[in-house]
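Participant: Here is a sequence together with a model predicted from it:
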Amino acid sequence: MHIAICDTNIAEGKQLERLLSRESELRTNTTGALYVDSFGDINTLLSTPMIYDLLFLDISTNDALSFQVATSIRESGINSPIVMCTSKNNLEELDSPLTNILFLIKPVQANPLSIIISDAIAMKKHEKPTFELRGIDKTYYVKEEQILYARSIKKYS
């Protein structure tokens, strides 16, 4: 499983990396290794979010911006689970209409993180694969039911 972490606070990002490294060691024999990439800048993450099976976004500094980033990821056709990491204890305030959004309270602890990883693995197992369609200016990630097929009725010789 490929995981992206985007946190502007370097210490919190490194802590999450360490916890994911320990979680990877525990899961290697059952679900496989966890490969983690860290980003301090959201624009860098947004250049290639499609390669990740799970994304961790820090929303401690700016809730609205983080939800805009999550919306942008969804609009590009990527349905990987997104974990919004927050310092707020009242998660009801952070309701999101987006699908596959999970919340994790900071400081991140091992047990809640393990549950999040298990939930993300379960979500990925039920997710339909996406296809990459490249246009001149843009790449689209679509599910099979979003593709229209056409067949010629007339045979040409």
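Facilitator: All right, it came through fine. Residues are numbered from 1 along each chain as shown.

Participant: can you count the residues close to T99?
Facilitator: Residues within reach of T99, counting by other C-beta atoms under 10 Å, total 10. In short, each C-beta sits where N, CA and C put it, glycine included.

Participant: Secondary structure class of the closest residue to it other than its chain neighbours, three-state.
Facilitator: Among residues not flanking T99 along the chain, N79 sits closest, at 6.7 Å (C-beta to C-beta, 6 or more residues apart in numbering). Following DSSP: H, G, I helix; E, B strand; the rest coil, we place N79 in the coil state.

Participant: Run through who's touching stretch 20-31.
Facilitator: The contact list for stretch 20-31 (C-beta atoms under 8 Å, 6 or more residues apart in numbering) reads M1, I3, I5, A33, L34, V36, A110, L113, S114, I117, I121.

Participant: still on that earlier bit, burial measure for the residue nearest to T99, as a count.
Facilitator: With other C-beta under 10 Å as criterion, N79 counts 17.

Participant: what's the answer for L26, then?
Facilitator: Neighbourhood size, L26 [other C-beta under 10 Å]: 13.

Participant: My assumption is that it lies in a helix; please confirm.
Facilitator: Yes: the assignment for L26 is a helix, going by three-state DSSP.

Participant: show me the contacts for M123.
Facilitator: Contacts of M123 by C-beta under 8 Å, 6+ apart are P81, N100.

Participant: What separation is there between it and D53?
Facilitator: Going from M123 to D53 by C-beta to C-beta, to the nearest Å gives 9 Å.

Participant: How about K154?
Facilitator: Applying C-beta to C-beta to K154 and D53 gives a distance of 44 Å.

Participant: what about those two, which has more around it?
Facilitator: D53 (17 against 4).

Participant: Is P107 part of a helix or strand, or is it coil?
Facilitator: Classified using three-state DSSP, P107 is coil.

Participant: these two touch, right, it and Q15?
Facilitator: Yes: because the distance of 7.1 Å satisfies C-beta atoms under 8 Å, P107 is recorded as touching Q15.

Participant: Of these two, which one has the most company?
Facilitator: Higher neighbour count among P107 and Q15: Q15, with 15 against 10, using other C-beta under 10 Å.
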